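Asks: I'd like to go over a predicted model; first the sequence, then the structure.
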Amino acid sequence: MNVWFVLLNILVFLVLIGVLFHMQRKNVSFSKRVFAALGLGIVFGLGLQWVYEAGDENVTQSIEWFNIVGTGYIKLLQMIVMPLVFVSILSAFSKLKRSSNLGKISVLIIGLLVGTTAVAAAVGIATTAAFDLEAIQIDQGNAEAARGVQLEERAAALEGQSYPQKILELLPQNPFLDLTGERATSTIAVVIFAAFIGIAYLGVQRKEPEAAEFFKKIVDSIYAVVMRIVTLVLRLTPFGVLAIMAKTVALSDFDAIMKLGEFVGASYIALIIMFLIHLILLTLTGLNPVTYVKKVLPVLVFAFTSRSSAGTLPLNIQTQKNKLGVSEGIANFSGSFGLSIGQNGCAGVYPAMLAVMIAPTVGINPFTPTFIFTLIAIVAISSFGVAGVGGGATFAAILVLSAMDLPVALAGLLISIEPLIDMGRTAVNVSGAMTSGIITSKVTGELDTETYNKEMIEAEA
């Protein structure tokens, strides 16, 4: 390692940080700064790839320093995710315009999330068939074999559980433990715990309105403080995007991506089709899909870069409320539910594609009606409790492959392109959550169409 090269890389990185900071001082819009960070990160990462050889220690040491900004930003987002989920659900109960709509709203949001995940599974199956993809086409190296062993170990830990037991795992036995995010199902457990408190609040509101009003003031105060923390963290988004993108591009194995280009292409075509389905659903409800794309693009760019649905939650909720006209209660519900239920990319497209690719290796024809309908049903059911952080797709794939009696280890064959595909999957996950919130708000008559349709006047994050 040459310390001067490392210092030079860090200096260039700091100059790029300075450019973004200057743009912020000049009041350049948040969206433009995010896109500038994305572009600068890609160019800088490609520059590092071009100057240094693959695996060069100068690059790895430089990225250790970049991680102070990139990984540090992700950690700050993760810091506020559980408090935000918890207080968002509580706030949703106190801010719903009509408490009688609660059941309808919950059913609509969950129905849309799970329903679109079933559609995503069908899209994944069709795309895999169109490209004639099979796991046997991929060479298995040492990294793939090691990854396969890890997946088998994780699958073995889940193998003894029946579906009723897996459903029980969603429940919050110890909500304080789940607030730490310790379990794979912690997010949905926190949602359930907060929902119980919210339902209790509605009961108290009818019988003891003064006590309920006092509780509401406490929740509203906590929510205001948490959202202020969210605002402070989101101001760092362009800097985080720059660091994350530079690292991702600099460490990408382009040789492996070229070898598995067909798999990458098929995955992204399936994800793009699913995104277009989101736009079609919005169109069918009488909303302009182009307006949606313009307003959510910065959110999807961050989801793409960070590969974390949970990390994107603050941007998700803020954009739904402030730019898309979704009522605050529904935005909180859809954003929080979307972290662990019905993730279209991670829990829908990806496990379905893997199952269809792997089935022929054990002599199963994946294109029989029985296999297809069974796979779609299992994907939809398994989409409950998928973690909204990195690794959620792996967890979903293990559940689906185990349920279909397919070899879990073969899912490790795509390890070299996993980060690249995961970027697109996460963006589609977030789009699915936002779409469910918008459609639910429109159906229940709580969507502010004037806010949805008006031209964007960007405020600082």
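Replies: Looks like it arrived, so ask away. Numbers count the residues shown, from 1 in each chain.
Asks: Buried residues in the helix or strand hosting F275, which are they?
Replies: Per DSSP states H and E, F275 falls inside helix 261-284. Neighbour-count burial for helix 261-284 flags 263-264, 266-268, 270-271, 273-275, 277-279, 281-282 (criterion: 16 or more other Cβ atoms under 10 Å). Where C-beta positions appear, they are placed from N, C-alpha and C, glycine not excepted.
Asks: CA-only coordinates of that helix in PDB, if you can.
Replies: Extracted in PDB, the C-alpha atoms of helix 261-284 (Å, rounded to 0.1, in the frame of the first residue of the first chain):
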ATOM      1  CA  GLY A 261     -24.900 -10.200 -18.100                       C
ATOM      2  CA  GLU A 262     -27.900 -12.200 -19.200                       C
ATOM      3  CA  PHE A 263     -29.000 -12.800 -15.600                       C
ATOM      4  CA  VAL A 264     -28.500  -9.200 -14.700                       C
ATOM      5  CA  GLY A 265     -30.400  -8.100 -17.800                       C
ATOM      6  CA  ALA A 266     -33.300 -10.500 -17.200                       C
ATOM      7  CA  SER A 267     -33.500  -9.300 -13.500                       C
ATOM      8  CA  TYR A 268     -33.700  -5.700 -14.500                       C
ATOM      9  CA  ILE A 269     -36.200  -6.200 -17.200                       C
ATOM     10  CA  ALA A 270     -38.400  -8.000 -14.700                       C
ATOM     11  CA  LEU A 271     -38.000  -5.100 -12.200                       C
ATOM     12  CA  ILE A 272     -38.700  -2.500 -14.900                       C
ATOM     13  CA  ILE A 273     -41.900  -4.400 -15.900                       C
ATOM     14  CA  MET A 274     -42.900  -4.400 -12.200                       C
ATOM     15  CA  PHE A 275     -42.300  -0.600 -11.900                       C
ATOM     16  CA  LEU A 276     -44.400  -0.100 -15.100                       C
ATOM     17  CA  ILE A 277     -47.200  -2.100 -13.400                       C
ATOM     18  CA  HIS A 278     -47.100   0.300 -10.500                       C
ATOM     19  CA  LEU A 279     -47.500   3.200 -13.000                       C
ATOM     20  CA  ILE A 280     -50.400   1.300 -14.600                       C
ATOM     21  CA  LEU A 281     -52.200   0.900 -11.300                       C
ATOM     22  CA  LEU A 282     -51.800   4.700 -10.600                       C
ATOM     23  CA  THR A 283     -53.200   5.400 -14.100                       C
ATOM     24  CA  LEU A 284     -56.200   3.200 -13.400                       C
END
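Asks: Quick one: list the elements packing against it.
Replies: If contacts are counted by 3 or more Cβ pairs under 8 Å, 6 or more residues apart in numbering; DSSP states H and E, helix 261-284 sits against helix 102-131, helix 289-306, helix 350-358, helix 418-443.
Asks: Going along the chain, name the helices of the stretch 51-200 of the chain.
Replies: Applying DSSP state H, counting those that start in this stretch to the stretch 51-200 of the chain gives helices spanning 57-95, 102-131, 142-159, 163-168, 175-178, 186-207.
Asks: And for the fifth one, what's in contact with it?
Replies: I take that to be helix 175-178. Applying Cβ atoms under 8 Å, 6 or more residues apart in numbering, the external contacts of helix 175-178 come out as 82, 172, 183, 186, 189-190, 193.
Asks: surely A36 meets V241?
Replies: No - here A36 lies out of contact with V241, judged by Cβ atoms under 8 Å, at a distance of 9.1 Å.
Asks: Which residue of the two possesses the greater neighbour count?
Replies: The neighbour count for A36 versus V241, taken as other Cβ atoms under 10 Å, is higher for V241 (29 against 18).
Asks: which ones are touching the more buried one?
Replies: V241 makes contact with 34, 37-38, 41, 301-302, 305-306 under the criterion Cβ under 8 Å, 6+ apart.
Asks: Please identify the helix or strand for it.
Replies: Element membership for V241, per DSSP H and E: helix 237-251.
Asks: Dump that helix to CSV, keeping only the CA atoms.
Replies: Extracted in CSV, the C-alpha atoms of helix 237-251 (Å, rounded to 0.1, in the frame of the first residue of the first chain):
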residue,chain,number,x,y,z
THR,A,237,-28.2,12.3,1.8
PRO,A,238,-26.1,13.6,-1.2
PHE,A,239,-22.9,13.0,0.7
GLY,A,240,-24.0,9.5,1.6
VAL,A,241,-25.0,8.7,-2.0
LEU,A,242,-21.6,9.9,-3.2
ALA,A,243,-19.7,7.7,-0.8
ILE,A,244,-21.9,4.6,-1.3
MET,A,245,-21.9,4.9,-5.1
ALA,A,246,-18.1,5.4,-5.3
LYS,A,247,-17.6,2.3,-3.2
THR,A,248,-20.1,0.2,-5.1
VAL,A,249,-18.6,1.0,-8.5
ALA,A,250,-15.0,0.8,-7.4
LEU,A,251,-15.5,-2.7,-5.9
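Asks: Might you calculate how far that helix sits from the centre of the chain?
Replies: Helix 237-251 sits 17 Å away from the centroid of its parent chain (Cα atoms, centre = their mean, to the nearest Å).
Asks: got the angle between that helix and helix 289-306?
Replies: Here helix 237-251 runs at an angle of 60 degrees relative to helix 289-306 (axes from the mean of the first three to the mean of the last three Cα atoms, to 10 degrees).
Asks: could you give the mean pLDDT of helix 237-251?
Replies: Taken as a whole, helix 237-251 has an average pLDDT of 87.
Asks: tell me the pLDDT at E446?
Replies: For E446, the predicted pLDDT is 87.
Asks: Same question for Q318.
Replies: Note on Q318: pLDDT of 87.
Asks: what do you get for A146?
Replies: Looking at A146, its pLDDT is 60.
Asks: What of L281?
Replies: Looking at L281, the pLDDT reads 96.
Asks: again with the one 5 residues further on
Replies: For G286, the pLDDT comes out at 92.
Asks: Next one: it from L447, what distance?
Replies: Per Cβ to Cβ, to the nearest Å, G286 is found 10 Å from L447.
Asks: Between these two, which has more neighbouring residues?
Replies: L447 (23 against 9).
Asks: My read is that that one contacts S327, right?
Replies: Yes - using Cβ under 8 Å, L447 is in contact with S327, at 7.4 Å.
Asks: Next, show the common contact partners of those two.
Replies: By the contact definition Cβ under 8 Å, 6+ apart, L447 and S327 are jointly contacted by S441.
Asks: circling back: please identify the deepest-packed of the helices and strands packed on helix 261-284.
Replies: Most buried of the helices and strands packed on helix 261-284, by mean neighbour count (mean count of other Cβ atoms under 10 Å): helix 350-358, with a mean of 28.
Asks: what distance separates that one from the centre of its chain?
Replies: With Cα atoms, centre = their mean, you get 19 Å for helix 350-358.
Asks: Would you mind putting the CA coordinates of it into PDB?
Replies: Output of helix 350-358 as PDB, limited to C-alpha atoms (Å, rounded to 0.1, in the frame of the first residue of the first chain):
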ATOM      1  CA  TYR A 350     -36.100 -12.500  -7.000                       C
ATOM      2  CA  PRO A 351     -37.300 -15.700  -5.200                       C
ATOM      3  CA  ALA A 352     -39.600 -16.600  -8.100                       C
ATOM      4  CA  MET A 353     -36.700 -16.300 -10.700                       C
ATOM      5  CA  LEU A 354     -34.400 -18.300  -8.500                       C
ATOM      6  CA  ALA A 355     -37.000 -21.100  -8.000                       C
ATOM      7  CA  VAL A 356     -37.600 -21.400 -11.800                       C
ATOM      8  CA  MET A 357     -33.900 -21.400 -12.500                       C
ATOM      9  CA  ILE A 358     -33.100 -24.000  -9.900                       C
END
